[in-house]
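# next input, structure requested:
(chains A, B, C and D)
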2 protein chains.
Amino acid sequence: MSVTPRQRRPRADGERSRQRILQAAAELSTVEGLNGLSIGRLAEHVGMSKSGLYAHFRSKEELQLATVDVANEILTAEVVLPALEAPEGSQRLIAFCDTFLAHVERRVFPGGCFFTSAAAELSPRPGPVREAIAQGYREWIGLLGEQADKAKELGEIDVRAETSQLVFELNGMLLAANIFYFLFDDAAQLERARRGVRERILNSS
Amino acid sequence: MSVTPRQRRPRADGERSRQRILQAAAELSTVEGLNGLSIGRLAEHVGMSKSGLYAHFRSKEELQLATVDVANEILTAEVVLPALEAPEGSQRLIAFCDTFLAHVERRVFPGGCFFTSAAAELSPRPGPVREAIAQGYREWIGLLGEQADKAKELGEIDVRAETSQLVFELNGMLLAANIFYFLFDDAAQLERARRGVRERILNSS
DNA sequence: AGAGAATACGACCGATCGTGCTACTTTGTC
DNA sequence: GACAAAGTAGCACGATCGGTCGTATTCTCT
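Okay, the predicted model is just below:
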């Protein structure tokens, strides 16, 4: 029969180290890239030895997958949760976009949205890490879609508007704002997204 | 006084090699990344030795800058020129977007638009290479802006519409289509962009 | 308090990184 | 046809890559 693998409880200090590592990995990889970030530099950055790092992750890929997970948690805390204060429907839809752009501007990640840079880097490279990124993006798209549908129910936007199309366009503005904000070092890009989001939603009503 | 350095013409075969190298570099870097692409793999891919490759470029950065240049030329040939057949104004504006999306779908670059992936990778990394990418993008944005302005003159779109805002949103759709097309392996993303572009322009009239 | 797992380290592995140097072949110019 | 420059390969360098191993320390559970 299947045996319970008798997993050992991790130690408290180990869990703290693990978290420090993953936090740093999520931040650094928005600048260096998920693949470009090397174990050595990461270890040095958190003040550990490479081999000490390997006590927590058996391979670089396992580290990358865990990094995607904590990046997701950070995004939830910094972008999703704050937007839940807005009432459901188009207001919350706008709030999601605003909190997203705010987290870019506040440099929660030094190189912009983690999923944006990871998706751009890994989208042409099939494998488990790309799948994890894709899954994260699907959830985000789902969140936006939910509120778009809710907005239809509430009569805030036309029921004939196609949700997937609307969400695609909103996401496009967020993507462009994120990349061009850093490429041109120009905050006006964020402002254009904020304005575009509002007009696009208003135009669907 | 200053002496004319009596430069010799480069050899024809050398120029051919150089071109082969840069063509391969432009293609490979959309998958591996401009930084992730190593001299060794590139040399192997074009069937040369690393040192043979290095006769053409004094450093990796010089290779990257030259790669941006040829990528620009490829984009001009594959995206810009074909769109010039469309009449100026909103039609050519749409044509630019269509030929862009077509070049993504036709896999002119195996990992999607060169400038998109390069911008995502290098936008948080200041330096000459990022500046070259930014300059390339400025030219592209300029092209779109020209046609938007022309469309205003022709009365095809409302003169009160802000060109920079319109171009930003169009570009966002192209960006999103490019990345999500590869991330989700889903051609519907391209279709959404084609539709979104048309509706966005129509909505400005 | 003692046992044993979890954590962390330093040393080390083979491979590959970007980059020089040297030598040989090929080619354009006078 | 001579000669210099351009092109290419071979080889080697110091650094770093992802990863392993043996060992010492520290926490946690009984």
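# so who does the residue lying closest to A:A148 once chain neighbours are set aside touch?
Spatial nearest neighbour of A:A148, chain neighbours left out: A:T163 (4.7 Å); criterion: Cβ to Cβ, 6 or more residues apart in numbering or on different chains. For the C-beta atoms, the positions are set from N, CA and C on the backbone; glycine is no exception. A:T163 makes contact with A:G145, A:A148, A:D149, A:K152 under the criterion Cβ atoms under 8 Å, 6 or more residues apart in numbering or on different chains.
# considering the residues you listed, which possesses the most neighbours?
A:A148 (25 neighbours; other Cβ atoms under 10 Å in any protein chain shown).
# and the gap between that residue and A:D158?
Distance from A:A148 to A:D158, counting by Cβ to Cβ, to the nearest Å: 11 Å.
# which residue ranges of chain A form helices?
Secondary structure of chain A (DSSP state H): helices at A:12-32, A:39-46, A:50-53, A:60-75, A:81-83, A:90-105, A:114-122, A:128-153, A:163-183, A:188-202.
# wait, which of these is closest to B:P87?
Distance to B:P87, taken as Cβ to Cβ, is lowest for helix A:163-183 among the helices of chain A, at 26.1 Å.
# show me what counts as buried in that closest one.
A:163, A:165-183 (16 or more other Cβ atoms under 10 Å in any protein chain shown).
# quick one on the thing from earlier: next one, pLDDT for the residue nearest to A:A148 please.
Per-residue confidence (pLDDT) for A:T163: 98.
# do A:S17 as well
We have a pLDDT of 95 for A:S17.
# next one: A:M173
A:M173 is assigned a pLDDT of 98 by the prediction.
# OK, contacts around the spatially most central residue of chain A?
In chain A, the centroid-proximal residue (Cα atoms, centre = their mean) is A:F115; its distance is 4.1 Å. Neighbour list for A:F115: A:A71, A:L75, A:I133, A:G136, A:Y137, A:W140 [criterion: Cβ under 8 Å, 6+ apart].
# gap between A:F109 and A:E131?
21 Å.
# neighbour count for those two, which is higher?
Between A:F109 and A:E131, A:F109 has the larger neighbour count (other Cβ under 10 Å), namely 25 against 14.
# ramachandran angles for the more buried one?
Main-chain dihedrals, A:F109, degrees, to the nearest 10: phi -110, psi 130.
# pLDDT wise, what is it at?
Listed pLDDT for A:F109 reads 98.
# now swap in the one 5 residues further on and tell me
With respect to pLDDT, A:F114 scores 98.
# who touches the nearest residue to it once chain neighbours are set aside in this structure?
Leaving aside its sequence neighbours, A:F114 sits nearest to A:A71 (Cβ to Cβ, 6+ apart; 4.1 Å). By Cβ under 8 Å, 6+ apart, A:A71 lies in contact with A:A26, A:F109, A:F114, A:F115, A:A118, A:G136.
# relative to A:E78, how far out is A:A71?
10 Å.
# contacting residues for the nearest residue to A:E105 once chain neighbours are set aside?
Of all residues not flanking A:E105 in the chain, A:L190 sits nearest, at 5.7 Å (Cβ to Cβ, 6+ apart). By Cβ under 8 Å, 6+ apart, A:L190 lies in contact with A:L101, A:V104, A:E105, A:A177, A:Y181.
# which ones are touching A:E62?
Taking Cβ under 8 Å, 6+ apart, one finds nothing in contact with A:E62.
# next one: phi and psi at A:A161?
Dihedral angles (degrees, to the nearest 10) for A:A161: phi -60, psi 140.
# now it. Nearest residue, chain neighbours left out?
A:S204 is the one closest to A:A161 (Cβ to Cβ, 6+ apart), at 4.3 Å.
# go ahead and confirm that neighbour touches A:D158.
Yes - applying Cβ atoms under 8 Å as the test, A:S204 and A:D158 come out as touching, 5.7 Å apart.
# neighbour-wise, which of those two wins?
A:S204 (21 against 11).
# and the more buried one, what pLDDT?
In this prediction A:S204 is given a pLDDT of 90.
# where does chain A dip in pLDDT?
A:1-8 (pLDDT under 70).
# could you redo the last one with a cut-off of 50?
A:1-6 (pLDDT under 50).
# spell out which residues of it are next to DNA strand D.
Within chain A, the positions lying close to DNA strand D (Cβ under 7 Å from any atom of the strand) are A:9, A:11-13, A:37-41, A:50-51, A:54, A:58-61.
# neighbour-wise, give me the winner out of those residues.
The most crowded member of the residues of chain A next to DNA strand D, judged by other Cβ under 10 Å, is A:L37 (23 neighbours).
# if I pick the residue nearest to that one when sequence neighbours are not counted, what's in contact with it?
Spatial nearest neighbour of A:L37, chain neighbours left out: A:S29 (4.8 Å); criterion: Cβ to Cβ, 6+ apart. For A:S29, the contacting residues are A:G36, A:L37, A:T67, A:F114, A:S117, A:A118, by Cβ under 8 Å, 6+ apart.
# one more: A:Q64?
A:Q64 touches A:A25, A:L34, A:V129, counting by Cβ under 8 Å, 6+ apart.
# how about a cut-off of 6 Å?
Residues near A:Q64 by Cβ atoms under 6 Å, 6 or more residues apart in numbering or on different chains: A:L34, A:V129.
# ok, A:L183 touching B:P124?
No - counting by Cβ atoms under 6 Å, A:L183 stays clear of B:P124, with 8.7 Å between them.
# what about A:E191, neighbour count?
By other Cβ under 10 Å, the residues close to A:E191 number 15.
# quick check: it vs DNA strand D, distance?
Distance of A:E191 to DNA strand D, given as Cβ to the nearest atom of the strand, to the nearest Å: 37 Å.
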